[in-house]
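>>> Structure, please.
(2 chains)
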There are 2 protein chains.
Amino acid sequence: MSEPRRVTAAALIIGNEILSGRTHDVNLMFLGTELNKLGIQMREARVVPDTEEEIVDAVNQCRAKYDYVFTTGGIGPTHDDITADCIAKAFGQKLIRHPVAERLLRERIAKMGVEVTEARLRMARTPEHAELLINEVSGAPGFKVENVFVMAGIPRVMRAMFEAAVPFLEGGVTLLARTIGSYVPEGTIATALSLLQDDYPDLDIGSYPFFFGGRPGSNLVLRGPDQGRIDEAGSRLRDLIVDLGGDPVEGGIEVPDTDDD
Amino acid sequence: MSEPRRVTAAALIIGNEILSGRTHDVNLMFLGTELNKLGIQMREARVVPDTEEEIVDAVNQCRAKYDYVFTTGGIGPTHDDITADCIAKAFGQKLIRHPVAERLLRERIAKMGVEVTEARLRMARTPEHAELLINEVSGAPGFKVENVFVMAGIPRVMRAMFEAAVPFLEGGVTLLARTIGSYVPEGTIATALSLLQDDYPDLDIGSYPFFFGGRPGSNLVLRGPDQGRIDEAGSRLRDLIVDLGGDPVEGGIEVPDTDDD
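Residues are numbered from 1 along each chain as shown, chains lettered A, B, ... in the order given. I've put the predicted structure just below:
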């Protein structure tokens, strides 16, 4: 059996508002989940401010290191929307007004009955060798340059642009996951878990502790490309939890994002 | 009037589970907000996997570039908790079992009535010149080495460790913000907004578009160190919105994180 290739990606979340705490990013979670379904593992994410040098550096570092890079944010009509400029600079390409993007944008503007402004037409700017990510949701398309996919920050628009990006993506191995939770604390199961990891080097065994209802517990996640191996390790893990006095919960124990109680 | 110094920070979110989309990070938003209150601007955030080389590289890049670095995650008792090891390596320090951390941890373990395991004692490991971030919530403290603050991933524990970090932090200028929202679309106000930005180079004017209830609109944020300047620019912005047929909403128009409707 030939080993399927690991295909990797990075996300670049562009926007001061995420760093200042004003806006809560929800795109990273979507991208991580959807890319894995395609056999692409997200290996890094960066949140950078609306600053040319920072964006250009991050794009160039990430596109050299990962198979794909997905950016979100900074492609609207306002002065702080500089992502297209930065992508052109990162690739050493001229920034143009893309003729197809302009036509689509003008059609949408006419349909909306709003004014054609220079600001709105900014959204048709792309690096000269970009391919468009045309979608039904936004008037202006996203675009790709080589392995870098440039998408909007608004989640609904980002998702539509991502759908348009999918045909360009070549996936490798899809990681499957099985989660088993219990109220056995991490510190109690850690040694046995480490031995299990040693026996299954082809799996990535993660432990995610929580306090819920005043009790410590942990969700244990087995990830890997082979369902049979995950099932085998999962059976052993369930036995371990029972031996330690716990009650294994398939799928994990759901805990809220915050635990302020 | 002497110019107060800009103090900067980066966040390093450590954990495969954030990248795979399994877990939704909530620590970044907390850190961005709390740091700004202290006069520290978050300038970058990175999410990296539980991989030594990635963590060491990111720590070394960020600690050279920013005044402070805050890491979250990877300091528990299990085999995938390797943050302490990585921080020691990044600073070229030996990893020790910190005597005070060990004492505190053993006290907590005794109080909880659980077993002292090698795994649990892993949580007392720090680089040799670390200072502890002692807190009431976790048995094992977080720690700092020079300008790098190492905290847990569980939000409740992270927040307690952050409180313990605050006395070490020296803030600079605090950025104040004023948000004005309306159903004037970005593309309509963009040109005027850009001119306003030119008139107020000391402010950072951001535009955050949304679709809500089927209508496009935008929240406009004025950020800067001087309340008087923000108020002045804010009055002009309200007038602009009214001129464009909008109804300015002080504080902005609240829209949900996702807009799936």
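
>>> Surely A:Asp46 touches A:Ile14?
One correction, residue A:46 is Arg, not Asp. No - if you go by C-beta atoms under 8 Å, A:Arg46 and A:Ile14 don't touch, sitting 9.1 Å apart. For every residue, glycine as well, the C-beta is placed using N, CA and C.

>>> which secondary structure elements does the helix or strand encompassing A:Met158 contact?
Using DSSP states H and E, A:Met158 falls within helix A:155-165. For helix A:155-165, the packing partners by 3 or more C-beta pairs under 8 Å, 6 or more residues apart in numbering or on different chains; DSSP states H and E come out as helix A:27-37, strand A:68-72, strand A:131-133, strand A:142-145, strand A:148-151.

>>> Is the next helix or strand after it positioned near chain B?
Remark: after helix A:155-165, the chain's next helix or strand is strand A:176-182, criterion DSSP H and E. Yes - judged by C-beta under 8 Å from any C-beta of the partner chain, strand A:176-182 and chain B are in contact via A:177, A:179.

>>> Tell me which residues are up against strand A:176-182.
The contact list for strand A:176-182, computed with C-beta atoms under 8 Å, 6 or more residues apart in numbering or on different chains, reads A:217-227, A:230-231, A:234, A:237-238, A:241, A:246-253, B:20, B:22.

>>> again, but for stretch A:115-122
Contacts for stretch A:115-122 (C-beta under 8 Å, 6+ apart): A:77-78, A:81, A:97, A:102, A:105-106, A:109, A:114, B:186-188, B:190-191, B:194.

>>> picking that back up, could you dump the helices and strands packed on helix A:155-165 into a markdown table and include mean neighbour count and distance to B:Met158?
Converted to a markdown table, the helices and strands packed on helix A:155-165 look like this (neighbours: other C-beta atoms under 10 Å in any protein chain shown; distance: least, C-beta to C-beta, whole Å):
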| stretch | mean neighbour count | distance to B:Met158 |
| --- | --- | --- |
| helix A:27-37 | 20 | 18 |
| strand A:68-72 | 28 | 25 |
| strand A:131-133 | 20 | 36 |
| strand A:142-145 | 26 | 34 |
| strand A:148-151 | 27 | 30 |
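
>>> Dump those into a markdown table; add distance to B:Phe212 and mean pLDDT as well.
Shown next, in a markdown table, are those (distance: least, C-beta to C-beta, whole Å; pLDDT from 0 to 100):
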| stretch | distance to B:Phe212 | mean pLDDT |
| --- | --- | --- |
| helix A:27-37 | 18 | 95 |
| strand A:68-72 | 19 | 98 |
| strand A:131-133 | 24 | 97 |
| strand A:142-145 | 21 | 98 |
| strand A:148-151 | 20 | 98 |
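
>>> May I see the ones you listed organised as a markdown table, with distance to B:Gly181 added?
Output for the helices and strands packed on helix A:155-165, formatted as a markdown table (distance: least, C-beta to C-beta, whole Å):
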| stretch | distance to B:Gly181 |
| --- | --- |
| helix A:27-37 | 21 |
| strand A:68-72 | 21 |
| strand A:131-133 | 28 |
| strand A:142-145 | 25 |
| strand A:148-151 | 24 |
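
>>> Would you enumerate the residues in contact with A:Leu133?
Residues near A:Leu133 by C-beta under 8 Å, 6+ apart: A:141-144, A:149-151, A:161, A:164-165.
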